[in-house]
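Q: Sequence first, then the predicted structure, then my questions.
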Amino acid sequence: MSGKHGEWVYETVEEMGARFGIRATEKLLDEQTPYQHLEVWRTERWGNLMLLDGVMMLSSLENYLYHEMMAHPALQTHPAPRNVVIIGGGDCGTLTEVLKHREVESVVQIDIDEAVTRAAERFFPELTAHNDDPRVSLRFEDGVAWMKNAPSASVDVIIVDSTDPIGPGTGLFGPDFLADCHRVLREDGIMVGQSESPFYHLPLMLDYHRAMKAAGFAERRSLLFPQPVYPGGSITGTLARKAGPLDELRPLADEVVTRYYSTALHRGLLATPPFMQEALGEV
């Protein structure tokens, strides 16, 4: 839930008794799409800020943290990522990071809400500048249905760049969807999914691991990284491999320029913090 009080935009997490606010100067967009309430604000220090159903999605200042971590760990773990599918990701920031990898031959991005992409084109053009890359196919449809109908063993990497498991994002956390992801991946396939904050939403993260395990994924690791506009200031992306380990990484190519992600950082994040390891020991 968000609200405006003076010049502040807030997101409140009632179950944690917490509220995060950013000082804004102007509302740039307020649209009720067929799927969700979309807002964009101009802020004092964070650049532009996007919210969906009152939940902060990204700001100009720090979105690279999330987009790099949703793209590069999976691509660097896979030995030869040629065909990539992004479910969600309508702001196209993750897509931009994926396109930095020359070995990627095709990227299909499926987001149910075209309005998010159109808003990103207007207010976050740095994230959509490469949408006309010939390798890209943008589709505005239900990602759960798309995955259900996709051919088996047809994709190398699946990135689930989802909102929280409410509204349009609900099905992307479900066991049936994750089972379809497992089926659609090739034998050495990798997937990564946004898996919430272990400080604010630990039960959701554990349920995600259980669903991945039930779907047949061989190994799962939740990489914890900072995300200042998200509840608790951090979030996880959970990597899963159809077969084999997750600690075999390729060197990062020179053309893949990043601001946060590196191979050394990736290796460190594979060492799960003890408090998360204890919780995941139940899964």
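A: The structure has been received and is ready for your questions.
Q: Find the helix or strand that the nearest residue to residue 64 once chain neighbours are set aside is a member of.
A: Nearest residue to residue 64 in three dimensions, chain neighbours excluded: residue 259, at 5.1 Å (CB to CB, 6 or more residues apart in numbering). In short, each C-beta sits where N, CA and C put it, glycine included. Residue 259 is part of no helix or strand when elements are defined by DSSP states H and E.
Q: And the helices in the stretch 101-250 of the chain?
A: In the stretch 101-250 of the chain, the helices defined using DSSP state H, counting those that start in this stretch lie at 114-123, 125-128, 143-149, 175-184, 202-215.
Q: got the contact list for the longest one?
A: Same thing as helix 202-215. By CB atoms under 8 Å, 6 or more residues apart in numbering, the list of residues contacting helix 202-215 from outside reads 165, 173-175, 178-179, 181-182, 193, 195-198, 220, 222, 236, 238, 240, 279-280, 282-283.
Q: Which of the residues you listed fall in strands?
A: Among the contacts of helix 202-215, the residues falling in strands (DSSP state E) are 193, 220, 222, 236, 238, 240.
Q: and the helices of the stretch 101-250 of the chain as TSV, adding mean pLDDT?
A: Output for the helices of the stretch 101-250 of the chain, formatted as TSV (pLDDT from 0 to 100):
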stretch	mean pLDDT
helix 114-123	98
helix 125-128	98
helix 143-149	96
helix 175-184	95
helix 202-215	93
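Q: Looking at those helices, spot the one closest to residue 33.
A: Closest to residue 33 of the helices of the stretch 101-250 of the chain is helix 114-123 (CB to CB; 4.1 Å).
Q: Tell me which two of the ones in strands among the contacts of helix 202-215 sit farthest apart.
A: Farthest-apart pair in those is 236 and 240; separation 12.4 Å (CB to CB).
Q: Neighbour count for the two, which is higher?
A: The neighbour count for residue 236 versus residue 240, taken as other CB atoms under 10 Å, is higher for residue 240 (28 against 25).
Q: Please report phi then psi for the closest residue to that one other than its chain neighbours.
A: Excluding its sequence neighbours, the residue lying closest to residue 240 (CB to CB, 6+ apart) is residue 217, at 3.9 Å. Main-chain torsions, residue 217, degrees, to the nearest 10: phi -70, psi 140.
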